[in-house]
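Student: Quick one, what's the 3D model for this:
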Amino acid sequence: MHHSIEIERLSFSYPDGHPALKDVSLAIQPCEKVALVGPNGAGKSTLILHLNGILVGQGGVQVCGLRAEKENLGRLRAMVGLVFQSPDDQLFSPTVYDDVAFGPLYQGLPVGEVRSRVEEALHAVHMGDYARRVSHHLSTGEKKRIAIATVLSMKPEVLVLDEPTAGLDPRSRRSLINLLRELPLTMLVSTHDMLMVRELFPRMVIMDEGRIVADGPTQQLMDDASLLEAHGLEKP
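Tutor: Predicted coordinates for the structure are as follows:
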């Protein structure tokens, strides 16, 4: 059986020569929910962008047994639902329906199948009544849910989120955490929200300066005050 995500000795430097990832290896099981934490500049977002081929470094990246290589990118991007920190990077159509339908239409699916996928994805994020709304008129919390629906409509096997609770008020944050708990998908979530990590993710991976410095049960790592402090993290 394949891991959902398998990264082997991945290194990556930006064009200015700055090394953002240094020999990173990580394996995530199907339906496992894993938090990726660390200070700004640790390499978390860079790592995430390798999972669907937006960035390509030296080393191996496989998702559900499929290598992250040029000829596989179409299949890979359907398989990995990537939700950016700012939902405005993902919502650009006249209506919520059009935003959520974009991926399935781009895949060339028939109109009836697209419609049922949109309904299913909006239902999954509890936004079924929003299909005809204008995305940019929604609140940040509503936009984040719609952004998640845009990737769920592609029926991904892996959900990858970058700072999902950033910019949310307490009520929207709570409802997003509840939503993530419900979704039966493999999940890798980069976040500074340590309260959410403690509540939602059994496993935590700490990155710093482009490396994985700790990987283990969330509670065990959170109880290690000196580890957290050494890597710019605070126990919630």
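
Student: Spatially, what comes nearest to Leu55 if we skip its sequence neighbours?
Tutor: Leu49 (4.4 Å; Cβ to Cβ, 6 or more residues apart in numbering). All C-beta atoms are positioned from the backbone trio N, CA, C, and that covers glycine.

Student: can you list contacts of the worst-scoring helix or strand of the chain on mean pLDDT?
Tutor: Every helix and strand of the chain was ranked by mean pLDDT, DSSP states H and E. The lowest is helix 73-79, at a mean of 87. Outside of helix 73-79, the residues within contact range by Cβ atoms under 8 Å, 6 or more residues apart in numbering are 52-53, 63-64, 66, 68, 103, 107, 154-158.

Student: tell me which residues of that helix are tucked away?
Tutor: Neighbour counts over helix 73-79 (16 or more other Cβ atoms under 10 Å) mark 76-79 as buried.

Student: what's downstream of that helix, the next helix or strand?
Tutor: strand 80-83 (DSSP states H and E).

Student: What pairs with that next one, parallel or antiparallel?
Tutor: For strand 80-83, the paired strands and their directions (DSSP bridges) are strand 158-162 (parallel).

Student: quick one: average pLDDT of the partner strand?
Tutor: On average, the pLDDT along strand 158-162 is 96.

Student: Render the CA-only coordinates of it in CSV, please.
Tutor: Extracted C-alpha coordinates of strand 158-162, given in CSV (Å, rounded to 0.1, in the frame of the first residue of the first chain):
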residue,chain,number,x,y,z
VAL,A,158,-5.0,14.7,-0.3
LEU,A,159,-5.9,18.1,1.1
VAL,A,160,-3.1,20.6,1.7
LEU,A,161,-3.8,23.9,3.4
ASP,A,162,-1.6,26.9,4.0
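
Student: Send me stretch 187-194 as PDB with only the CA atoms.
Tutor: Extracted in PDB, the C-alpha atoms of stretch 187-194 (Å, rounded to 0.1, in the frame of the first residue of the first chain):
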ATOM      1  CA  MET A 187      -4.400  16.300   5.300                       C
ATOM      2  CA  LEU A 188      -1.200  18.300   5.600                       C
ATOM      3  CA  VAL A 189      -1.800  21.700   7.100                       C
ATOM      4  CA  SER A 190       0.900  24.400   7.500                       C
ATOM      5  CA  THR A 191      -0.100  26.700  10.400                       C
ATOM      6  CA  HIS A 192       1.000  29.000  13.200                       C
ATOM      7  CA  ASP A 193      -2.300  28.200  15.000                       C
ATOM      8  CA  MET A 194      -1.000  25.900  17.800                       C
END
